[in-house]
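Engineer: A predicted structure for the sequence below; I have some questions about it.
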Amino acid sequence: MDTVVSNSALLSIPQLPPVRSVTSSSYSSTPFSQSLEINETQFRDSVLNSDRPVLVEFVANWCGPCRLISPAMEWVAQEYKDRLAVVKIDHDANPRLIEEYKVYGLPALILFKNGQEVPESRREGAITKAKLKEYVDALLESLSVA
């Protein structure tokens, strides 16, 4: 144990194990099988020219709610991979898209179909996995009715 001396008392701080990163080889190389991060230059091909609906998630590394919903978004990408593409766009690295789509809160979700934002699809803020499933199911249902 390391001992830290302060003006008020002696404190013992346990030594923590080193942080290690784990790499995963479980990601498929097939596009959109999991959430894919894209940038402004890839947006047209990946989102606007997609032959299926695309759920776009605007995120930032510094955004706590973005990190909070990340596992649920990965689940959506996997669960709905046959009916829906899921992409991530970094807020800080893509200011033109942030301005163009008027993204004011993070995380922000917008569904696109046939190159257009689906009306009433925009959602901002953290969301539980159950509510995210309801949201995606309702969006996909509205697309199949239209």
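Structural biologist: All right, it came through fine. Residues are numbered from 1 along each chain as shown.
Engineer: so which residues of this protein form strands?
Structural biologist: For the chain, the strands defined by DSSP state E occupy 2-5, 10-13, 36-38, 54-59, 85-90, 108-113, 116-117, 123-124.
Engineer: partner strands of the fourth one and their direction?
Structural biologist: Translated: strand 54-59. Taking DSSP bridges as the criterion, strand 54-59 forms sheet pairs with strand 85-90 (parallel), strand 108-113 (antiparallel).
Engineer: mean confidence for the first one?
Structural biologist: Strand 85-90 shows an average pLDDT of 97 in the prediction.
Engineer: with stretch 123-133 instead?
Structural biologist: Confidence over stretch 123-133 (mean pLDDT, whole number) is 97.
Engineer: okay, how far is it across that stretch, tip to tip?
Structural biologist: With Cα to Cα, to the nearest Å as the measure, stretch 123-133 spans 13 Å from end to end.
Engineer: and if you look at stretch 86-105?
Structural biologist: Start to finish, the residues bounding stretch 86-105 are 19 Å apart (Cα to Cα).
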